[in-house]
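Participant: build me a structure from this.
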Amino acid sequence: MIGAGVFAAFGPAARAAGTGLLIGLVIAAVIAYCNAVASAQLAAVHPVSGGTYVYGRERLGHWWGFTAGWGFVVGKTASCAAMALTFASYAVPGPWWAQRAVAVAAVLGLAALNYHGVTRTVLLTRVLVTATLTALAVVVTGIVLSGGAAPDSLGDWRGTGGAYGVLQAAGLLFFAFAGYARVATMGEEVRDPGRTIPRAIPIALFVTVAVYLVVGVAALLAAGPSRLAASSAPLTTAVEAAGADGLAPVVR
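Facilitator: Sure, this is the predicted structure:
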């Protein structure tokens, strides 16, 4: 939920809605909350691995479960590709073929790690989340301390794409932080899942939305929606626009 999405989503969201992306984030958060509460309740009733596939099958029938399962596979395959390319666009600001090669290597490396079990993936997740939160804290702090945050950069709160643009931004940002339902798929891997998972899902969602909101406001204040919209690495663009170029390697 706090990973490559927060480094990528603000660019296309700004392109769709300008400053209205913050309204889109609120809309996405409300929809996500409704979905998260439903997922938490279902996870308490069906504390087994499978998530949406199991819920669809048990509550609606086998074909619904089958459709949900394939939707999960297709959606997460696209998500995997998008996140790998985001990682590559920051790590390798070079030719497109080098970025593609690094993205493929990242996918293969994570697949190999996942193959060795949940204990190792949990350890890596802790490392990645710590590094990500540190980088995001550096972004926000650097923008504030550099004095590059200007309220005039926000522009028109109604956005550039109208209501449709705001809804587009909401969809993009929802995609970026949607991951709370993955907690529900760990039903057979945690102690007391009927109590733990319904607590973990909304807490994770609230923390993530708060992080996205703080980072989004900081990026808009530093670079403005037009510069974010034109960037494939929007957070790097934000620190550079704020005059804190020395922080760009930390973000990358």
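
Participant: which secondary element of the chain has the worst mean pLDDT?
Facilitator: Using mean pLDDT, DSSP states H and E, helix 181-184 stands out as the lowest-scoring helix or strand of the chain, at a mean of 77.

Participant: after that one comes which helix or strand?
Facilitator: Later in the chain than helix 181-184, the nearest helix or strand by DSSP states H and E is helix 193-229.

Participant: report the separation between residue 97 and residue 104.
Facilitator: According to Cβ to Cβ, to the nearest Å, residue 97 stands 11 Å off from residue 104. C-beta here means a position set from N, CA and C on the backbone, and glycine is covered the same way.

Participant: report how many residues lie close to residue 75.
Facilitator: By the criterion of other Cβ atoms under 10 Å, residue 75 has 13 neighbours.

Participant: wait, I meant residue 102
Facilitator: Neighbours of residue 102 under the rule other Cβ under 10 Å: 18.

Participant: okay but it is in contact with residue 89, surely?
Facilitator: No: in this structure residue 102 lies outside contact range of residue 89 using Cβ atoms under 8 Å: 9.3 Å.

Participant: and residue 178, what are its phi and psi?
Facilitator: Taking degrees, to the nearest 10, you get phi -70, psi 120 for the backbone angles of residue 178.

Participant: once you drop chain neighbours, what's closest to it?
Facilitator: With sequence-adjacent residues excluded and distances taken as Cβ to Cβ, 6 or more residues apart in numbering, residue 178 is closest to residue 32, at 6.7 Å.

Participant: same check on residue 118?
Facilitator: Spatially, and ignoring its direct neighbours in sequence, residue 118 is nearest to residue 189 (5.9 Å; Cβ to Cβ, 6+ apart).

Participant: I'd say that neighbour and residue 47 touch.
Facilitator: No: using Cβ under 8 Å, residue 189 is not in contact with residue 47; the gap is 10.1 Å.

Participant: those two - which one has more neighbours?
Facilitator: Applying other Cβ under 10 Å to residue 189 and residue 47 shows that residue 47 carries more neighbours, namely 20 against 10.

Participant: quick one, what contacts the more buried one?
Facilitator: Each residue near residue 47 by Cβ atoms under 8 Å, 6 or more residues apart in numbering is listed here: 187-188, 193-194, 197.

Participant: show me where the stretch 1-150 of the chain has helices.
Facilitator: 4-8, 10-17, 21-45, 52-59, 62-91, 96-115, 118-146 (DSSP state H, counting those that start in this stretch).

Participant: can you check which of these gets nearest to residue 204?
Facilitator: Closest to residue 204 of these, according to Cβ to Cβ: helix 21-45, at 8.3 Å.

Participant: between helix 52-59 and that closest one, find me the angle.
Facilitator: On the basis of axes from the mean of the first three to the mean of the last three Cα atoms, to 10 degrees, helix 21-45 is oriented at 60 degrees to helix 52-59.

Participant: in helix 21-45, what counts as buried?
Facilitator: Neighbour counts over helix 21-45 (16 or more other Cβ atoms under 10 Å) mark 21-25, 27-29, 32-33, 35-36, 39-40, 42-44 as buried.

Participant: low pLDDT regions in the stretch 51-200 of the chain?
Facilitator: Low-confidence segments of the stretch 51-200 of the chain, defined by pLDDT under 70: 152-153, 155-160.

Participant: test my guess that residue 186 contacts residue 48.
Facilitator: No: applying Cβ under 8 Å as the test, residue 186 and residue 48 come out as separate, 10.0 Å apart.

Participant: contacts only, for residue 146.
Facilitator: Residue 146 neighbours (Cβ under 8 Å, 6+ apart): 242-244.

Participant: model confidence score at the residue lying closest to residue 211 once chain neighbours are set aside, please.
Facilitator: Counting by Cβ to Cβ, 6+ apart, residue 2 is the residue found nearest to residue 211 once chain neighbours are left out, at 5.8 Å. Residue 2 carries a pLDDT value of 87.
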